[in-house]
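Q: Just a sequence and a predicted model for now, questions to come.
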Amino acid sequence: MEKLLIQGGVSLDGDVRISGAKNAVLPILAATLLGSSPSKISNVPHLRDVTTMMRLLGQLGASLTVDEKMAIEVDPTTVDSCLAPYELVRTMRASIVVLGPLVARFGEAEVSLPGGCAIGARPVNLHIDGLKAMGAEIQVEEGYIRARAKRLKGARIFMDLVSVTGTENLMMAATLAEGTTVIENAAREPEVVDLARYLIRMGARINGAGSDVITIEGVERLSGCAHRVLPDRIETGTFLVAGVMTGGRVRARGADPTIIDSVLAKLAEAGAEPVIDGEDIEIDMRGKRPRAVSIHTAPYPGFPTDMQAQIMAMNTIASGTGTIVENVFENRYMHVQEMQRMGADIRLEGNAAIVTGKDRLYAAPVMATDLRASASLILMGLVARGETLMDRVYHIDRGYERVEEKLSGMGAVIRRVQEMPT
Ligand code: UD1
């Protein structure tokens, strides 16, 4: 079994190249199904979730080719199945984004319910209700969502909660519907905008992506095209926090500085002065200790829930006390116990975590519980005294490309080890 071994106490110093965004590439790969010809998606990060999505598209019958730069060409003209099976969906909840494209393009879909998830109930009712409003007949039975529609019809859809993949599913479905669809209270995440950009290039008529009202005028057909995925803002933020926590200097190269304002503002408050130079963002914390900050997570442009655990990690060694309020997911504090085992002072009160910085943390064997939790534990390991051994590395591999290589490139002492089961 693979584990990560991290020797704490080294200040990072160096550059790191930012990969394409996981949360953009997954819906974009699903959207290739909408085309009547092949699409080529580039700047694709080498991640376990991407491999899962490729397996899923392959299972549907799409033909995939990957070049040496990890650009993926998807030919949807060979699709001959509409089934997303449990074995794939259970390893990646985001598989649900094939639901909208399948119903819209092929008139049917059978997608496994994602099931329970470590960070909260995460239902998919908004996806289902939206498609029903567009005229799909949907049954949820035997753990599967079974949807049918001759041709979807445009509808006005008000989303009760802001849902990222919910908005994406409905926006994709609406591109081939008859008539106009209006999605109100839509997610404004940059990844929704990147998906819309790709769809528009395919021939879709979409207005308002990036605002909370998206209008889609359905068209008869979409054509495949080339698209370059936007940079990953969560990966960017994670590496910048690593620089701040270790009292180092980190330059994130090839990032998109326009989409992480809320994170940069908090890093500035912590005492780092992020400097933007084109597509690069640099923080220099040499000789300084961060100040604790308070955050409350919210849909974009609010503070991203996917950066909550990393900011908590920063607070554990900062000066002062910061309060973290998690508003997007219930039960997204699984990392707290592991952090406490490394000496962190964290008090939980409902959906708030009050964190008081310590002068020192101590290495311990820790267990990653989900993707972002695993990132935060690596950050803790970078500053803890001693060697931290992190179990369940597969979580980090779902969303961070070559994480140990990228951190080592900035001086971190971290390596992957094989441990025989006892
Ligand atoms: C996406 C991101 C994930 C991020 C999250 C919030 C992808 C692939 N994943 O997940 O990294 O943490 O946005 O920014 O883009 N909800 C419902 N009913 C629904 C759908 C959602 O009640 O039908 C609730 C969820 O339980 C949650 C909230 O809405 O409390 C937001 O979830 P949502 O935005 O849908 O998250 P995902 O799209 O799954």
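A: Yep, that arrived.

Q: Quick one: neighbours of the closest residue to Ile234 other than its chain neighbours, just the number.
A: Leaving aside its chain neighbours, Ile234 sits nearest to Asp306 (4.7 Å; criterion: Cβ to Cβ, 6 or more residues apart in numbering). Yep, even glycine has a C-beta here, placed from its N, CA and C like the rest. Neighbour count for Asp306, taken as other Cβ atoms under 10 Å: 22.

Q: Let me know the pLDDT of Asp306.
A: At Asp306, the pLDDT value in this model is 97.

Q: That one looks like it's in a helix, true?
A: Yes. Counting by DSSP: H, G, I helix; E, B strand; the rest coil, Asp306 is located in a helix.

Q: roughly how far out does stretch 240-252 sit from the chain middle?
A: Counting by Cα atoms, centre = their mean, to the nearest Å, stretch 240-252 is centred 21 Å from the centre of its parent chain.

Q: First-to-last residue distance for that stretch?
A: 7 Å (Cα to Cα, to the nearest Å).

Q: Average pLDDT for it, rounded please.
A: The average pLDDT within stretch 240-252 is 98.

Q: Now do the buried residues in it.
A: Judged by neighbour count (16 or more other Cβ atoms under 10 Å), stretch 240-252 contains these buried residues: 240-252.

Q: So which of these are in helices?
A: Among those, the members found in helices (DSSP state H) are 240-245.

Q: which one of those sits closest to the ligand?
A: Val241 (16.7 Å; Cβ to the nearest ligand atom).

Q: how near is Ala62 to the ligand?
A: The gap separating Ala62 from the ligand is 19 Å, by Cβ to the nearest ligand atom, to the nearest Å.

Q: Let me see the contact set for that residue.
A: Taking Cβ atoms under 8 Å, 6 or more residues apart in numbering, we find Ala62 in contact with 32-33, 74-76, 78-79.

Q: among those, which are in strands?
A: Among these, the residues falling in strands (DSSP state E) are 74-75.

Q: Run through the protein and note the low-pLDDT ranges.
A: Within the chain, the stretches with pLDDT under 70 are 115-122, 420-422.

Q: That one: helices as residue ranges?
A: Using DSSP H, helices in the chain cover 22-31, 48-60, 86-89, 99-106, 125-133, 164-175, 190-202, 233-245, 261-269, 308-316, 334-341, 371-383, 394-399, 403-408.

Q: quick one: which of those is nearest Ala155?
A: Proximity to Ala155, assessed across those by Cβ to Cβ, is greatest for helix 125-133 (4.3 Å).

Q: Buried ones in that closest one, by neighbour count?
A: Neighbour-count burial for helix 125-133 flags 126-131, 133 (criterion: 16+ other Cβ under 10 Å).

Q: contact partners of that helix?
A: Applying Cβ under 8 Å, 6+ apart, the contact partners of helix 125-133 are 96, 99-100, 103, 138, 140, 145, 147, 149, 152, 155-157, 159-161, 163, 165-166, 169-170, 173, 183.

Q: Taking their axis directions, it and helix 164-175 sit at what angle?
A: Angle, helix 125-133 to helix 164-175, by axes from the mean of the first three to the mean of the last three Cα atoms, to 10 degrees: 20 degrees.

Q: and the angle from helix 125-133 to helix 99-106?
A: Going by the same axes, to 10 degrees, helix 125-133 makes 20 degrees with helix 99-106.

Q: Helix 125-133 and the ligand, are they touching?
A: Yes. Helix 125-133 lies within reach of the ligand by Cβ under 6 Å from any ligand atom, at 125-127.

Q: Ok, stretch 236-251 next?
A: No. For stretch 236-251, no contact with the ligand is found by Cβ under 6 Å from any ligand atom; the gap never falls below 12.6 Å.

Q: quick one: that stretch to chain centroid distance?
A: On Cα atoms, centre = their mean, the centre of stretch 236-251 falls 19 Å from the chain's centre.

Q: picking that back up, out of the residues of helix 125-133 next to the ligand, who's nearest the ligand?
A: Within the residues of helix 125-133 next to the ligand, proximity to the ligand (Cβ to the nearest ligand atom) peaks at Leu126, which comes in at 3.2 Å.

Q: Throw the helices of the chain into a markdown table and include distance to Ala363, thanks.
A: Formatted as a markdown table, the helices of the chain follow (distance: least, Cβ to Cβ, whole Å):
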| stretch | distance to Ala363 |
| --- | --- |
| helix 22-31 | 28 |
| helix 48-60 | 26 |
| helix 86-89 | 36 |
| helix 99-106 | 43 |
| helix 125-133 | 42 |
| helix 164-175 | 35 |
| helix 190-202 | 35 |
| helix 233-245 | 15 |
| helix 261-269 | 25 |
| helix 308-316 | 13 |
| helix 334-341 | 10 |
| helix 371-383 | 7 |
| helix 394-399 | 17 |
| helix 403-408 | 16 |
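
Q: ok, back up a step: can I get the residues of helix 125-133 next to the ligand in JSON lines including distance to Glu189?
A: Formatted as JSON lines, those follow (distance: Cβ to Cβ, whole Å):
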{"residue": "Asn125", "distance to Glu189": "20"}
{"residue": "Leu126", "distance to Glu189": "15"}
{"residue": "His127", "distance to Glu189": "16"}
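
Q: Ser211: neighbour count?
A: Using other Cβ under 10 Å, Ser211 has 11 neighbouring residues.

Q: Assess the claim that it and Asn185 are in contact.
A: No. Contact criterion Cβ atoms under 8 Å: Ser211 and Asn185 do not qualify, at 10.8 Å.

Q: and Met380, what does it touch?
A: Shown in contact with Met380 (Cβ under 8 Å, 6+ apart): 313, 316, 339, 342, 344, 361, 366, 388.

Q: Please determine how far the fifth one is located from Val263.
A: Which is Ala344. 21 Å (Cβ to Cβ, to the nearest Å).
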